[in-house]
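**Student:** Any chance you could fold what I've pasted below:
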Amino acid sequence: MRSATAALTSPARRRMARDLAALRARLRGEPPTIRYFHQADDPYSHLAVQVLPRLRARYAARIEVSLVPPPEDSAVPDRARLRAYGLRDARRLARARGLDFPSDAALPAPDTVRQLQAVLAEALRQDRFDEAALAAGTAMWAGDQEPLNRLAGPLKDQSTASLDDLLKRGEQERQRLGHYLGGMFHFEGEWFWGVDRLGHLESRLANRGLDREPGRPAIAPAFEPRLEGPREGPAPTVELWFSFRSPYSWLALPRARTLAQAWGAKLELRPILPMVMRGLAVPRIKTLYITLDCKREAERLGLPFGKIVDPVGAGAARALAVLHHAIDLGVGETFSELGLKAAFADGIALAEDKGLYGVARAAGLTDAQTAAALADESWRQRAEVNRAALLDAGLWGAPSFRIAGGPAYWGQDRLWMLEDDLRAAKSSPPAEAPGG
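**Tutor:** Got it, this is the predicted structure:
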């Protein structure tokens, strides 16, 4: 497996895939084309559509839009929590990016979503998608039914079958190209999620010579903590939920440690079982995208990634058992970071004694301490307590984090939000309650 993932994530393979995709497009006589997949009831799609006019103006690439339905249940392990979190996350993200998302947005009713889909289908037919998607989407998320009714009124006789066929064709194209989410951009064989990965897309376009304003700042650069925290003042506790099977946890944990140190915060590790070991499915198409996205993000962050030995099953369980003792011995952070690096960068099998004991020694544990940890099943109780606390915080997966008593965030690309809360905590507690 380590050889296969190293080949999959290698820069050479990626260059070849990009060059091949560009060549195929040229042979078909296609101009450089960005394909954007819009999901009407997805908050992140509403943010993404707001940058479409700027993308069209700045980059010499055609943008084709497809409407898509929500992803299948297999790709969304906890849909209710994801939808609720998406509203809160989109509000925070919009403010930071200078975009619009109503502060009081609520989940829309199915009939309202259907209205919006009809409006967007007609806008696509008339080649005015950008402005219609912004106006109608804003009305829906603001709960302002009147403008949406006005826009949808002339379309009341629109064929249901025609709209369903349009959504089906969008879904088929998304599947053909290899994805499952809304708010996604696709360019020459590579996927980019919403405004969070738009910086990577812009870099691709610039490297292809398609940037009409070379040298200017990107429209949506990646956000990172500034690590400018004062050490004086209260010392908040940062809770970090992570999984030894989560590659994003590997990208998050070293930076979370650095962030906590910069702000004089205490880092509380809350390890959990991998999703598949908790009965939550992770489809192959999702695993492939995550692997490639993590490689791209790891390169941006200067972290090694790609020689992977999946620790699912025995590897994750054994690492959790050792970590349970390592935390109490004061080396939990070191063991966690080395264990994640072993699984996702060094190609070391945590399911094997050689690999696990080697990681434990490097973290400062003796072989006797590791053996004692492996013989102790009490780690399962800790993992279950952590899982329950994560669900209570309104989240479900790793990595997730929060200042104790504050709102929880999900994803290695949300550490800048945590830093904002750390900054606030130095003077006063976070304003929002857990779960937003």
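
**Student:** Going along the chain, name the strands of the stretch 51-200 of the chain.
**Tutor:** Using DSSP state E, counting those that start in this stretch, the strands of the stretch 51-200 of the chain run over residues 62-67, 184-187, 190-193.

**Student:** scratch that, the stretch 201-350 of the chain
**Tutor:** Using DSSP E, counting those that start in this stretch, strands in the stretch 201-350 of the chain cover 237-242, 266-271.

**Student:** in the last one, what counts as buried?
**Tutor:** Applying a neighbour-count criterion of 16 or more other Cβ atoms under 10 Å, one finds 267, 268, 269, 270, 271 buried in strand 266-271. (Glycine included, C-beta is placed from N, CA and C.)

**Student:** mind checking how far it is from the chain centre?
**Tutor:** Counting by Cα atoms, centre = their mean, to the nearest Å, strand 266-271 is centred 21 Å from the centre of its parent chain.

**Student:** and what of the first one?
**Tutor:** Shown here is strand 237-242, whose average C-alpha point lies 17 Å from the average C-alpha point of the whole chain (Cα atoms, centre = their mean).

**Student:** Please point out which parts of it sit buried.
**Tutor:** 238, 239, 240, 241, 242.

**Student:** Could you dump those into CSV with pLDDT added?
**Tutor:** Shown next, in CSV, are those (pLDDT from 0 to 100):
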residue, pLDDT
238, 97
239, 98
240, 98
241, 98
242, 98
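
**Student:** Dump these to JSON lines, plus distance to residue 50.
**Tutor:** Below are the buried residues of strand 237-242 laid out as JSON lines (distance: Cβ to Cβ, whole Å):
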{"residue": "238", "distance to residue 50": "31"}
{"residue": "239", "distance to residue 50": "32"}
{"residue": "240", "distance to residue 50": "32"}
{"residue": "241", "distance to residue 50": "31"}
{"residue": "242", "distance to residue 50": "32"}
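
**Student:** Which one of these is nearest to residue 261?
**Tutor:** residue 238 (10.5 Å; Cβ to Cβ).

**Student:** and the gap between that closest one and residue 419?
**Tutor:** 10 Å (Cβ to Cβ, to the nearest Å).

**Student:** Quick check: neighbours shared by those two?
**Tutor:** The contact sets of residue 238 and residue 419 overlap at residue 259 (Cβ atoms under 8 Å, 6 or more residues apart in numbering).

**Student:** Identify the residue spatially nearest to residue 71, adjacent ones excluded.
**Tutor:** In space, and not counting its chain neighbours, residue 71 is closest to residue 180: 4.6 Å by Cβ to Cβ, 6 or more residues apart in numbering.

**Student:** was I right about the one you found contacting residue 287?
**Tutor:** No. With contact defined as Cβ atoms under 8 Å, residue 180 does not reach residue 287; the gap is 11.1 Å.

**Student:** Flag the shaky bits of this structure, pLDDT-wise.
**Tutor:** Counting by pLDDT under 70, the ranges of the chain that qualify are 156-159, 276-281, 428-436.

**Student:** again, only using 90
**Tutor:** In the predicted model, the chain carries pLDDT under 90 at residues 1-8, 22, 25-26, 72-78, 145-161, 228-235, 274-285, 404-405, 424-436.

**Student:** returning to what we had before: columns distance to residue 9 on top of the buried residues of strand 266-271, output as TSV?
**Tutor:** Formatted as TSV, the buried residues of strand 266-271 follow (distance: Cβ to Cβ, whole Å):
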residue	distance to residue 9
267	28
268	31
269	27
270	28
271	25
